[in-house]
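Asks: Take a look and give me a structure for this.
(one chain, ligands or ions: 1)
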Amino acid sequence: MNEKITKDTSKFLSLVLRHAPEKIDLTLDENGWANVDELITQCNKFHKKLDYALLDYVVENNDKKRFAFNEDKTKIRASQGHSISIELELKEVEPIHFLYHGTVYKFIQAIRKEGLQKMSRQHVHLSQDRETAIKVGSRRGKPVILSINAPKMYQDGFKFYISENGVWLTNEVPAAYIEF
Ligand code: HQG
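Replies: Numbers count the residues shown, from 1 in each chain. All right, here's what the predicted structure looks like:
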């Protein structure tokens, strides 16, 4: 399968399954699921070529496993990263180690003041390891890695979740729990 096509398709799926389903007149249910037949029909209607084989390939081989089918593969959704309001039915989990957040220097002053906020997404995204956080931060420039005292936050009543593709999610991280 052509790498450019699969990457473009992944980006397009991120757009319509996380942020703007209306761009192709697609409806997501309250849990973020799109009907697979409908997704394929609507993509093609809006001149984004998609068929079952390509969709299957992108879901299976996506570098971050961004998308997941339901059991009988009639529905598909993004596993995290939404800006639209949907209920992902995430399981609450207890973090037992520090977690990491990759960002860039220009945001540090604001983060020192307000902590980490979800900005345009539904959650603050955290990583289990530094390497992943470095990749996340590098999307915006030279990465700055923040260490989050997640066990202490949990003790203090903050909730944590892990998405189906292994991203740690929480609603906010007050500055007091961040090591800069
Ligand atoms: C920053 C990608 C100012 C925050 C990645 C980040 C991830 C603040 C940016 C996923 C702030 C938000 C999410 C505050 C946070 N003041 N800036 N108080 N609090 N920020 O993209 O974590 O490829 O919404 O540091 O790999 O960068 O899309 O979050 O720089 O998993 O699957 O505001 O997106 O995954 O940016 O990335 P984002 P993120 P995908």
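
Asks: how close does residue 14 get to residue 66?
Replies: Distance, residue 14 to residue 66, by CB to CB, to the nearest Å: 6 Å. For the C-beta atoms, the positions are set from N, CA and C on the backbone; glycine is no exception.

Asks: cool, and residue 101?
Replies: Counting by CB to CB - residue 101 and residue 66 are separated by 19 Å.

Asks: again, but for residue 173
Replies: Using CB to CB, residue 173 is found at 23 Å from residue 66.

Asks: go on, residue 168?
Replies: The gap separating residue 168 from residue 66 is 16 Å, by CB to CB.

Asks: So which residues of the protein form strands?
Replies: Applying DSSP state E to the chain gives strands spanning 34-35, 67-69, 75-78, 99-104, 124-126, 143-148, 161-162, 168-170, 178-179.

Asks: for this structure, what spans make up the helices?
Replies: 3-14, 36-45, 52-61, 108-114, 130-138, 150-155 (DSSP state H).

Asks: Quick check: which of the ones you listed is nearest to the ligand?
Replies: With CB to the nearest ligand atom, the closest approach to the ligand among the helices of the chain belongs to helix 108-114: 3.3 Å.

Asks: Name the nearest residue to the residue located most distally from the centre of the chain, ignoring sequence neighbours.
Replies: For the chain, the largest distance from the centre (CA atoms, centre = their mean) belongs to residue 45, which lies 26.5 Å off. By the measure of CB to CB, 6 or more residues apart in numbering, the closest residue to residue 45 outside its immediate chain neighbours is residue 24, 7.0 Å from it.

Asks: My guess is the one you found contacts residue 47. True?
Replies: No. With contacts counted by CB atoms under 8 Å, residue 24 stays clear of residue 47, the gap being 9.6 Å.

Asks: Neighbour count: the two, which is higher?
Replies: Each of residue 24 and residue 47 has its neighbours counted (other CB atoms under 10 Å); residue 24 has more, 20 against 7.

Asks: What pLDDT is listed against the more buried one?
Replies: Per-residue pLDDT puts residue 24 at 98.

Asks: residues touching it, list them.
Replies: Neighbouring residues of residue 24 by CB atoms under 8 Å, 6 or more residues apart in numbering: 16, 42, 43, 45, 46, 48.

Asks: same thing with residue 122?
Replies: 82, 83, 85, 86, 88, 169.
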